[in-house]
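Q: Show me how the following folds:
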Amino acid sequence: MGRFKTLPIKYKFLITIIFIIFIVIWTFVGFVVGRKSVPVTKEKIRIGSLINEDNFPQVADFPNPINGMLYTAQEANAWKDRLPLAVIIENHTDARPQTGLGQAEVVYEALAEGGITRFLAIFLSQDTELGPVRSNRAYFLDWVSEYSAGYAHVGGSPEAQQLVHTYNIKDLDQFYIGAPTYERSSARPSPHNVYTSTQKLRGVAAIKGFNGPVVIDSWQFSDSQARLENRPDKFNLNLGFLGTWGYDVSWIYQKSTNTYLRVNGGGNHIDTVGNKQLETKNIIVQIVKVNPDPSGHGRIRIDTVSTGKAILFKDGVAVLGTWKKNSRTSRTRFYDDKGQEMLINRGSIWVEVVPDSSPISY
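A: So this is what the prediction gives:
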């Protein structure tokens, strides 16, 4: 270091330049060797059910128009142009456990004959196997019309079948389609053994010219749910319908998930898809007038285009109010006791259509 200080200025400058060049060359060689020896991988970050190639989070801000669930725009592309499907699924004790109810955006439960309830399940975003599929009744058409849905059923009462044509319903009746869209399972006795799937139904709908998307007059949804510490520890809802054995319903609140588990006829109500107990985020009890159908055969009429009392169950609490439907094609609306439209939690919804004479306790 001492000799360096005694050198002439021109030699000091030359040595400094050579040293700098040496450092630059070795830095470059180290970078190249490093790149060759270490493989470079592009990390992909999973956002929900999507792979985000650019490492930027995708915002879930595209709502399902039926149940308000939020999706990213890319996720919504899978279903946003679909035709909604409305499927009659039976609830006879010989029809349990059913298939596909847990994949529906909305399920309506209403009486058929003899105190036996029946389901109308609405599907848009999820694909699933479905069944057992059962027959059409006139009042179900008033709910089908709210979604302009393709309507899957196995025949029906004479009046209901005539109204399908009068109302110009997008009909997917098993009587006129048959196999392989609808198939009978040998594991169950007829008539509790007709099965189909959303994929098969949409395939036939497309052939018939029944296409989506359709405009759906959405309900109002809440952008927040009750915080865990504000939810009740226990809450049960019990519905009797007509009190027929095997058709009473209980919903058991789950604080941790803010959902309700379904019990039907005293037993956990299971969906064979995933072998899981049915659950929901929201239960709407719609109290209606039920009268005998003049055609006989034990059939009933439900006053759907009308108004009456309603109770919304969400977050482990009950919200009292009313319902109103102005016409067959208009949406049934639910209002709180101040006359404001009820805010429903985003997620699955069950509408329990209960006669005004039936017991309700919670």
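
Q: Going along the chain, name the helices of the stretch 101-250 of the chain.
A: All helices of the stretch 101-250 of the chain, identified by DSSP state H, counting those that start in this stretch, fall at 138-144, 158-166, 174-177, 198-207.

Q: Dump the ones you listed to a markdown table, plus distance to Val319, mean neighbour count and mean pLDDT.
A: For the C-beta atoms, the positions are set from N, CA and C on the backbone; glycine is no exception. Shown next, in a markdown table, are the helices of the stretch 101-250 of the chain (distance: least, Cβ to Cβ, whole Å; neighbours: other Cβ atoms under 10 Å; pLDDT from 0 to 100):
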| stretch | distance to Val319 | mean neighbour count | mean pLDDT |
| --- | --- | --- | --- |
| helix 138-144 | 21 | 24 | 98 |
| helix 158-166 | 33 | 15 | 97 |
| helix 174-177 | 38 | 16 | 97 |
| helix 198-207 | 32 | 17 | 98 |
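
Q: how about the ones you listed, which one is nearest Arg227?
A: Of all those, helix 138-144 sits nearest to Arg227, with 33.5 Å by Cβ to Cβ.

Q: got the contact list for that closest one?
A: 86, 88, 108, 110, 120, 151, 157, 159-160, 163-164, 167, 169, 301-302, 304-305, 325, 328, 332 (Cβ atoms under 8 Å, 6 or more residues apart in numbering).

Q: what does stretch 325-340 give?
A: Stretch 325-340 is touched from outside by 141-143, 145-146, 167, 217, 219, 284, 286, 304-307, 310, 312, 319-324, 341-342, 344, with contacts defined as Cβ under 8 Å, 6+ apart.

Q: Out of the residues you listed, which sit inside strands?
A: 284, 286, 307, 310, 312, 319-324, 344 (DSSP state E).

Q: so where's this structure uncertain?
A: Scanning the chain for pLDDT under 70 picks out 1-56.

Q: ok, the nearest residue to Thr93 once chain neighbours are set aside - contacts?
A: Distances taken as Cβ to Cβ, 6 or more residues apart in numbering put Gly246 closest to Thr93, at 4.9 Å, once the chain neighbours are dropped. Neighbouring residues of Gly246 by Cβ under 8 Å, 6+ apart: 93, 264-266.

Q: Out of those residues, which sit inside strands?
A: Going by DSSP E, the strands hold Asn264 from those.

Q: ok, Ile344 - contacts?
A: Shown in contact with Ile344 (Cβ under 8 Å, 6+ apart): 67-68, 219-222, 282, 284, 312, 314, 334.

Q: Return the distance of His92 relative to Gln98.
A: Per Cβ to Cβ, to the nearest Å, His92 is found 10 Å from Gln98.

Q: okay, those two: which has more neighbours?
A: Using other Cβ atoms under 10 Å as the criterion, His92 and Gln98 rank with Gln98 on top: 23 against 17.

Q: May I have the beta-bridge partners of the spatially closest residue to that one that is not a sequence neighbour?
A: The spatially closest residue to Gln98, leaving aside those adjacent along the chain, is Ile89, at 5.6 Å (Cβ to Cβ, 6+ apart). Counting by DSSP bridges, Ile89 is bridged to Phe119, Val133.

Q: And the one 10 residues further on, by the same measure?
A: Beta-bridge pairing for Thr99 (DSSP bridges): Gly131.

Q: count of residues packed around it?
A: 21.

Q: Equivalent analysis for Asp293, please.
A: Neighbourhood size, Asp293 [other Cβ under 10 Å]: 18.

Q: could you measure the residue lying closest to it once chain neighbours are set aside against Gln286, distance?
A: Nearest residue to Asp293, sequence neighbours excluded (Cβ to Cβ, 6+ apart): Arg299, at 3.8 Å. With distances taken as Cβ to Cβ, Arg299 is found 20 Å from Gln286.

Q: more neighbours, these two?
A: Neighbours per residue, other Cβ under 10 Å: of Arg299 and Gln286, the larger number sits with Gln286, 23 against 18.

Q: contacting residues for that one?
A: Neighbour list for Gln286: 308, 310, 323, 332, 334, 351-354 [criterion: Cβ under 8 Å, 6+ apart].

Q: about what we covered before: out of the contacts of stretch 325-340, which end up buried?
A: Neighbour-count burial within those applies to 141-143, 145-146, 167, 219, 284, 286, 304, 310, 312, 319, 321-323, 342, 344; the criterion is 16 or more other Cβ atoms under 10 Å.

Q: Now Asp223. Nearest residue, chain neighbours left out?
A: Arg346 (7.7 Å).

Q: Pull the number of nearby residues for the one you found.
A: Counted with other Cβ under 10 Å, residues neighbouring Arg346 total 19.

Q: With Ala179 as the reference, measure out to it.
A: Distance, Arg346 to Ala179, by Cβ to Cβ: 38 Å.

Q: likewise His153?
A: Per Cβ to Cβ, His153 is found 16 Å from Ala179.

Q: Settle it for me: which of those two has more neighbours?
A: Neighbour comparison, His153 and Ala179: the larger count goes to His153, with 28 against 9 (by other Cβ under 10 Å).

Q: Can you give me the domain boundaries for this structure?
A: Split into domains by automatic domain parsing, the chain comes to 2-37, 81-362.

Q: Most tightly packed of those domains?
A: The highest mean neighbour count among these, using mean count of other Cβ atoms under 10 Å, belongs to domain 81-362: a mean of 18.
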